[in-house]
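Participant: Fold the following, please.
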Amino acid sequence: MKQTRIDKRFAELKREGRAGLVTFITAGDPDYKTSLAILKALPAAGADVIELGMPFSDPMADGPAIQASSQRALKAGQTMKKTLSMVKEFRAENATTPIVLMGYYNPIYVYPVDRFIADVVDAGADGLIVVDMPPEEDEELRPAATAAGLNFIRLATPTTDAKRLPAVLANTSGFVYYVSIAGITGTAAPNVAEVGGHVGRIKAHTDLPIAVGFGVKTAEQVGAIAEVADGVVVGSALVSAVAQSLDSNGLATEATKPRVIGLVEHLASALRHPAAAAAV
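Facilitator: Numbers count the residues shown, from 1 in each chain. Coordinates of the predicted model:
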């Protein structure tokens, strides 16, 4: 498999001697235009890798904040085709920042799979995280995605033991997403000492970068996890910033984009200017 944008970005981060900021937003939240504007602004704000959520009506691994973001996006008319259109519009202006599409298998299955992969590649996305597709059940998607040059990224969790880990790492590429807490997204804070131990255990079995997410909300947490991981994923805090900026009808305001981008800039400062972030 040739080197992807994800591979190149993590190689660049290694040369810089720092962890990367991986930002998650839900495509189409709170509406297509606002979401696209936020997406386009993320790299300049400090996002090294972007995870773009594919809205789904039953996001079972996600906490209330991301569930609500999916509902807002779907209510505003977001579809898979519109999500891929967002990627294409982003890619027309940015040729280097990796985009990982994250979500659930059902919308991919009904797309269907072959056309989805072709359209993902055409749009310019770089990888997939399909949270409800374990290694034993990925034959309908993973081989074709890998053959098309997409990184297929899997999740490891605190309960992924030594017996389970080889299956998780097999055919994984780009990076490994370590889920720092047991449970759904955004509902608890990670224990950095425990995260460091688990990341070290995984690194003993793979050369892939490890990005840590679920529950990371503050610059202090970003900085601490950056000491033990190659990437730090922030999602619930960003979609919560969207929610907090909306008007009484749930619509975007002039504050929506600045609020999200300002938070990204603050979180990124923990990786690029740690002393300044700690002082805020």
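Participant: so where's the stretch 101-250 of the chain shaky on pLDDT?
Facilitator: Across the stretch 101-250 of the chain, the ranges flagged by pLDDT under 70 are 182-188.
Participant: Helices of that one, residue ranges please.
Facilitator: Ranges of helices in the stretch 101-250 of the chain, per DSSP state H, counting those that start in this stretch, are 105-109, 113-123, 142-147, 165-169, 192-203, 219-226, 236-244.
Participant: Give me the angle between the fifth one and helix 219-226.
Facilitator: To tie it back to what came earlier, the one meant is helix 192-203. 30 degrees (axes from the mean of the first three to the mean of the last three C-alpha atoms, to 10 degrees).
Participant: Tell me how many other residues crowd the nearest residue to residue 171 once chain neighbours are set aside.
Facilitator: Spatial nearest neighbour of residue 171, excluding adjacent residues (C-beta to C-beta, 6 or more residues apart in numbering): residue 142 at 6.1 Å. Every residue, glycine included, has its C-beta placed from N, CA and C. Neighbour count of residue 142, defined by other C-beta atoms under 10 Å: 21.
Participant: Next: residue 93.
Facilitator: Using other C-beta under 10 Å, the number of residues around residue 93 comes to 9.
Participant: Ok, the one 5 residues further on next?
Facilitator: Neighbourhood size, residue 98 [other C-beta under 10 Å]: 25.
Participant: any idea how far residue 4 is from it?
Facilitator: Distance, residue 98 to residue 4, by C-beta to C-beta, to the nearest Å: 7 Å.
Participant: re the thing from before, can you convert the helices of the stretch 101-250 of the chain into TSV and add a column each for distance to residue 17?
Facilitator: Formatted as TSV, those follow (distance: least, C-beta to C-beta, whole Å):
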stretch	distance to residue 17
helix 105-109	37
helix 113-123	32
helix 142-147	30
helix 165-169	25
helix 192-203	17
helix 219-226	11
helix 236-244	25
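Participant: Quick one: closest of those to residue 13.
Facilitator: Evaluated with C-beta to C-beta, these place helix 219-226 nearest to residue 13, the distance being 10.2 Å.
Participant: which parts of the closest one are buried?
Facilitator: For helix 219-226, the neighbour count (16 or more other C-beta atoms under 10 Å) marks 219, 221, 222, 223, 224, 225, 226 as buried.
Participant: The third one is in contact with residue 216, isn't it?
Facilitator: Yep, that's residue 222 we're talking about. Yes: the criterion here is C-beta atoms under 8 Å, and residue 222 meets it with residue 216 at 6.2 Å.
Participant: Identify the contacts common to those two.
Facilitator: Common contact partners of residue 222 and residue 216 (C-beta atoms under 8 Å, 6 or more residues apart in numbering): 232, 234.
Participant: rewinding a little: the residue nearest to residue 171: what's it in contact with?
Facilitator: Contact analysis of residue 142 by C-beta under 8 Å, 6+ apart lists 133, 152, 171.
Participant: Centroid-nearest residue for this structure?
Facilitator: By C-alpha atoms, centre = their mean, the chain has its centre lying nearest to residue 51, at 3.0 Å.
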